[in-house]
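Undergrad: Sequence first, then the predicted structure:
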Amino acid sequence: MAEQTTLPEGVGETADAPHGNAVHPGEQQAAAGAGPDGAEPTGAKPDAAVVRDALGVGIAVGLSGFAFGVTSAGSGLSLLQTCALSLAVFTGASQFALVGALAAGGNPYTAAAGAFFLGVRNSFYGLRLSQLLALPRALRPFAAQWVIDETTAVTLPQPTRRAARIGFAVTGLTLYVLWNLTTLLGALGAEALGDTDTWGLDAASPAVFLALLAPMLKSTTERVTAALAVLLALGLLPVVPAGVPVLLSALAAPAVLFLSGRMKGTAGETATRKKHAEKHTQTSTRTSTEEDR
C-alpha cells in the first residue's frame, strides 16, 4: 500500500556542457541576471517568501489529518492501522478513498485498488519534480515519500532550483509531521466525538484536493475531463460497489482525448477542403479572365 514514488535519475534533465550537470530553467535565468558581486539574481524569490508559502500549505492541509483519523477509526480500523496508513501511504485522497470504501461495506481488495490508482498520479509528479529538484541519489528514496499534490503545487511555480528545493522540503516536512500527528489525535478522539458521519469530516480532504486541483484546470479539455469524471463517479455510486466509481471515473480521460482528437481531425479536414475549394475558385477565376482577354 505504500505509494512512494521513485524519483528517476536524470529524467528530462538538460546538460550544462561540458560537465553534464542538470540545470533548472529558472537557475539559468537567475545565473544570467546575477551581478558580479553575487547579488540576488533578477526574478529570484526570497527564501522567506518561499518558506511562508510552504508553511501555509503544509499547516492548512496537515490539520485535515484529524478528519482522516476520525473517519478511519469510525470505519473500523484500529489505532495502529490508522497511524500506519498515514505514515506509510501519506496521500490523503487515497487514504480517504480506502477508509470510505471500507466504511460503506466495500470489498477490501476493491477499496485498495481504488486507493492505489488514485496514488498513481504521484508517479507522474515524480517524473517532473526529479528534473526540478535534481536531488542526490541517496536522498531520492526519502524524498519520494513526500511527492504528493501539495508539495508538487508548491514546488512547480518556483523560479529557481533553490526555491523549488526549499518549497518542497518545507512543505513535505511540515505536512508529514502535522498529518501524522493529527491522524493520531483524530483516531484517539473518535470515540469522544460519537457518530463521525454527523460531523462531515470525511469531506475535508476531498475539499482540499479540489481546491488544489481547480487552478490547474486551465484548458477546456482538462475542465471537460474533470466534469465528466465527476458525473461518472456520482452516477455510478448508487449502482456499483464502493470503490468502483473511482476506478471507472478514470475512463473520462481517454474518452475526452478520443473525442477531442476526432473533433480536431474533422476540423482539419474541413479546413483543408475549404482551402482546396478556394484555390480551385481562384484558379477558375484566373482562367476565365485569361480567356476573356
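TA: Received it, and whenever you're ready, just let me know what you need.

Undergrad: Need the pLDDT of the residue sitting nearest the centre point of the chain.
TA: For the chain, the residue nearest the mean C-alpha position is Asp149 (4.4 Å; C-alpha atoms, centre = their mean). On the pLDDT scale, Asp149 is placed at 87.

Undergrad: repeat for the one 5 residues further on
TA: The model reports Val154 with a pLDDT of 92.

Undergrad: That one: neighbouring residues, count only.
TA: 26 (other C-beta atoms under 10 Å). For every residue, glycine as well, the C-beta is placed using N, CA and C.

Undergrad: which stretch of helix or strand covers it?
TA: Assigned by DSSP states H and E, Val154 belongs to helix 149-155.

Undergrad: And that helix, what does it pack against?
TA: Using 3 or more C-beta pairs under 8 Å, 6 or more residues apart in numbering; DSSP states H and E, the elements in contact with helix 149-155 are helix 47-62, helix 121-133, helix 161-193, helix 204-213.

Undergrad: Any chance of CSV for those, columns mean neighbour count?
TA: Shown next, in CSV, are the helices and strands packed on helix 149-155 (neighbours: other C-beta atoms under 10 Å):
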stretch, mean neighbour count
helix 47-62, 18
helix 121-133, 20
helix 161-193, 20
helix 204-213, 16
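
Undergrad: Tabulate those helices (JSON lines), appending distance to Leu248 and mean pLDDT.
TA: JSON lines is the format used below for the helices and strands packed on helix 149-155 (distance: least, C-beta to C-beta, whole Å; pLDDT from 0 to 100):
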{"stretch": "helix 47-62", "distance to Leu248": "27", "mean pLDDT": "91"}
{"stretch": "helix 121-133", "distance to Leu248": "16", "mean pLDDT": "90"}
{"stretch": "helix 161-193", "distance to Leu248": "29", "mean pLDDT": "91"}
{"stretch": "helix 204-213", "distance to Leu248": "17", "mean pLDDT": "65"}
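
Undergrad: who wins for proximity to Leu98 among these?
TA: Nearest to Leu98 among these is helix 204-213; the distance by C-beta to C-beta comes to 11.6 Å.

Undergrad: Go through the helix or strand following the closest one and flag the buried ones.
TA: Toward the C-terminus, helix 204-213 is succeeded by helix 220-236 as the next helix or strand (DSSP H and E). Buried residues in helix 220-236, counted by 16 or more other C-beta atoms under 10 Å: 224-226, 228-229, 232-233, 236.

Undergrad: Helix 220-236 - contacts with which helices or strands?
TA: Helix 220-236 is packed against helix 244-249, helix 252-292, with contacts defined by 3+ C-beta pairs under 8 Å, 6+ apart.

Undergrad: With only the CA atoms kept, save it in PDB.
TA: C-alpha atoms of helix 220-236 as PDB (Å, rounded to 0.1, in the frame of the first residue of the first chain):
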ATOM      1  CA  THR A 220     -11.200  23.300 -21.900                       C
ATOM      2  CA  THR A 221     -10.100  19.700 -22.400                       C
ATOM      3  CA  GLU A 222      -9.000  19.500 -18.700                       C
ATOM      4  CA  ARG A 223     -12.200  21.000 -17.400                       C
ATOM      5  CA  VAL A 224     -14.400  18.700 -19.500                       C
ATOM      6  CA  THR A 225     -12.400  15.700 -18.400                       C
ATOM      7  CA  ALA A 226     -12.800  16.700 -14.700                       C
ATOM      8  CA  ALA A 227     -16.500  17.300 -15.100                       C
ATOM      9  CA  LEU A 228     -17.100  14.000 -16.900                       C
ATOM     10  CA  ALA A 229     -15.100  12.200 -14.200                       C
ATOM     11  CA  VAL A 230     -17.300  13.700 -11.500                       C
ATOM     12  CA  LEU A 231     -20.500  12.800 -13.400                       C
ATOM     13  CA  LEU A 232     -19.300   9.200 -13.900                       C
ATOM     14  CA  ALA A 233     -18.400   8.800 -10.200                       C
ATOM     15  CA  LEU A 234     -21.700  10.300  -9.000                       C
ATOM     16  CA  GLY A 235     -23.800   8.400 -11.500                       C
ATOM     17  CA  LEU A 236     -22.200   5.000 -10.700                       C
END
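
Undergrad: quick one: contacts of that helix?
TA: 213, 216-217, 244-246, 248-253, 255-257, 260 (C-beta atoms under 8 Å, 6 or more residues apart in numbering).

Undergrad: Would you write a PyMOL line that selects the buried entries of the residues you listed?
TA: Only the buried entries of those go into this PyMOL selection, using 16+ other C-beta under 10 Å:
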select buried, resi 244+245+246+249+250+252+256
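
Undergrad: Since that was my last question, I'll sign off now.
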